[in-house]
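Q: Need the 3D shape of this:
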Amino acid sequence: MPTSALQETGARKKRSRRLLLIVGVCAYVGCFQWMYINYLYPVFGYYGFDYNPPATKYLALAWGLSLLPSLWMPLTLTRASQLAYWILYITVLIPCMVVPIYAEVGTPAETAVLMVTLFAGFAITGLGYLVPLMPLGSPNISSSFFWKLFASIALGLTVWVYLVFRHTLNIVSFGDVYDVRFGADDLIEGTKVSYALMWLSGAINPFLMAWGFFYKRPWMLVGGVLGQLLIYSSLGTKGSISSVLFISAFYFLLKPGRIPFALKLSWGVALLLGGLCLSYVWAGGSAGPVQSLLLFLILMRTFGTPGLTVAQYYDFFQRNPLTHMSHVSVVNWFIPYPYANFLGLEVGYAYSGDPTYDATANLWAFDGLASFGLPGVLLISVFCALVFWMLDSAAQKHEQRFAALVICYAAYNLANISIFTSLFSGGLFLLIVFLYLAPVRGGGGFAQPALVVAHDRTLPSLG
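A: Okay, here's the model as predicted:
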């Protein structure tokens, strides 16, 4: 076949895939809107999911800003951080376009300004993919040294956790996790073991699971799963258990095949939401315990809450002092923190009346709106692009599907907590270091980089 014909065939395939992606995102937004009106508002209205039908122009704005990124979102992953970019799009940006216009925490005009600013911030983060990666050389360490170092860190932190919680370890149902957490609070106080808990659950155990999955090392996969089980039995964190399912799901989504990653993810999420909504209808609104738990964790906690908390942070910090980053450790040495309690508790109490409700939110709310208002959204988006660039520079020698699998759970955390917490306490920075130091698998020893994109100057791959 002539070169021109091959090019034309490739262009048609790319256009058809892009169109399918846009339709998939449309399906997701439609399911999300239905879910809000028929599930989140009736069941969780007391959380703040109010229902105020928006004017047509605001609904059109929400749909337009939700769909526009599907024109440039990468169809296939050429950099590891693009997986995090996709997760932010699906679980944060789109909910932030839909939830605020219905919840009407502020006026419709104020909400429209918030939506446009969030869209601009998301686009700014995407522009970071125009910057070439840093040409890092390989670290001068052997494979055996890396694994000895990794094993020492993992074993040391695991022993530390076990020694602190050895008398209270208990695997309970999700309904009883708060009893475990309340008991753990007293044990943690003064031990600093919370760092070990977060590094294990956010970095070390996910790294083990990713390596075990990708390179067919069952003992490493089992080790990572058991490590997350230890965290769950110590602290009662649902995330440590759900991370096993999360990483497993992305392992299959990242497998190469005829269907590109973007289509599998967008249509998979649309079908997941659509299926859960149908199950709720079939249950007549009276879901059983297991179904109720799934509906809560997926529809409310994963997809609904991010949009609501962003709206609440925007409203709260229009009427209360900005933090100017003083909620971040070290910065508060120089800038006084203006509140008596943790930021999530301050916002949570303001909107729920419950002094124990922690409304911790994603980077655009917690670090952006809380610090500098709307300009803070743009500033933290630039910082997020820098973090992604650091991650991709460190991971460029690896097969990008492996690197994406390594950071997929950290990316989910990034969509729910401060970017600074995710980096340091949550273990994302530790994963960046691991990816830089880790040996490249292949053949009988070190392989050549499977994909180097140091000179890729495309906005998140349009192909």
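Q: packing partners for the longest helix along the chain?
A: Secondary structure assigned by DSSP state H gives helix 3-35 as the longest helix of the chain. Packing partners of helix 3-35 (3 or more Cβ pairs under 8 Å, 6 or more residues apart in numbering; DSSP states H and E): helix 56-67, helix 94-103, helix 261-282. Any C-beta I mention is one placed from the backbone N, CA and C, and that applies to glycine too.
Q: Next secondary structure after the longest one?
A: Secondary structure here is assigned by DSSP states H and E; on that basis, the next helix or strand after helix 261-282 toward the C-terminus is helix 289-294.
Q: how about the helices in the stretch 351-463 of the chain?
A: With DSSP state H, counting those that start in this stretch as the criterion, the stretch 351-463 of the chain has helices at 363, 370-372, 374-395, 400-414, 419-420, 428-437.
Q: list the buried ones in the last one?
A: Of the residues in helix 428-437, those buried by neighbour count under the rule 16 or more other Cβ atoms under 10 Å are 428-432, 434-436.
Q: For the residues you listed, name the two members farthest from one another.
A: Based on Cβ to Cβ, the longest span within these runs between L428 and Y436 and measures 13.1 Å.
Q: Return the most buried member of the helices and strands packed on helix 3-35.
A: helix 94-103 (a mean of 26; mean count of other Cβ atoms under 10 Å).
Q: Distance from the chain centre to it, please.
A: 18 Å (Cα atoms, centre = their mean, to the nearest Å).
Q: So that it lines up with my notes, have the first residue be 659 from now on.
A: New numbering, starting at 659: the last item is helix 752-761.
Q: residue contacts, the residue most central in space within the chain?
A: Most central in the chain under Cα atoms, centre = their mean is Y1070, positioned 2.1 Å from the mean C-alpha point. Y1070 sits next to 745, 749, 904 when contact means Cβ atoms under 8 Å, 6 or more residues apart in numbering.
Q: neighbour-wise, which of the residues you listed leads?
A: In terms of neighbour count, T749 stands highest of the contacts of Y1070 at 22 neighbours, by other Cβ atoms under 10 Å.
Q: mind checking the backbone torsions on the residue lying closest to that residue once chain neighbours are set aside?
A: Nearest residue to T749, sequence neighbours excluded (Cβ to Cβ, 6 or more residues apart in numbering): A1073, at 4.8 Å. With angles defined as degrees, to the nearest 10, A1073 sits at phi -80, psi 0.
Q: Quick check, pLDDT for A1073.
A: A1073 is assigned 90 on the pLDDT scale.
Q: Pull the contacting residues for it.
A: 745-746, 749-750, 964, 1020.
Q: If we use 10 Å, what do you get?
A: By Cβ atoms under 10 Å, 6 or more residues apart in numbering, the contact set of A1073 is 742, 745-751, 753, 960, 964, 1019-1022, 1080.
Q: Where does the prediction get shaky in the stretch 759-908 of the chain?
A: For the stretch 759-908 of the chain, the stretches flagged by pLDDT under 70 are 830-844, 848.
Q: if we go to 90?
A: Within the stretch 759-908 of the chain, the segments meeting pLDDT under 90 span 762-764, 794-798, 822-853, 890-900.
Q: quick revisit: from Y704, how far off is the residue nearest to the centre of the chain?
A: Per Cβ to Cβ, to the nearest Å, Y1070 is found 26 Å from Y704.
Q: And for Y1067?
A: To Y704, Y1067 is 30 Å away according to Cβ to Cβ.
Q: Which one of the two is surrounded by more residues?
A: Y1067 (30 against 9).
Q: thought the more buried one was touching I905?
A: Yes - the pair Y1067 and I905 qualifies as a contact (Cβ atoms under 10 Å) at a distance of 5.8 Å.
Q: Need the residues touching each of those two.
A: 863-864, 867-868, 886.
Q: Quickly check those residues for the two that are furthest apart.
A: Across the shared contacts of Y1067 and I905, the longest distance by Cβ to Cβ is 12.6 Å; it joins A868 and Q886.
Q: shared neighbours of those two, anything?
A: With Cβ under 10 Å, 6+ apart as the test, A868 and Q886 both reach 905, 1067.
Q: what sits in contact with each of L1086 and Y1094?
A: The overlap between the contact sets of L1086 and Y1094 (Cβ under 10 Å, 6+ apart) consists of 1048-1049.
Q: related to what we said a few turns ago, which of the buried residues of helix 1086-1095 lies closest to A767?
A: For the buried residues of helix 1086-1095, the nearest to A767 is L1086 (36.2 Å; Cβ to Cβ).
Q: In contact with that closest one, which residues?
A: Here L1086 is in contact with 742, 860-861, 1045, 1048-1049, 1065, 1067-1069, 1071-1072, 1077-1080 (criterion: Cβ under 10 Å, 6+ apart).
Q: Recalculate using a threshold of 6 Å.
A: By Cβ atoms under 6 Å, 6 or more residues apart in numbering, the contact set of L1086 is 1068, 1080.
Q: how close does it get to A720?
A: L1086 is 30 Å from A720, by Cβ to Cβ.
Q: Distance check, the nearest residue to A920 once chain neighbours are set aside against L921.
A: What sits nearest to A920 in space, not counting adjacent residues and going by Cβ to Cβ, 6+ apart, is L733, at 4.5 Å. Per Cβ to Cβ, L733 is found 7 Å from L921.
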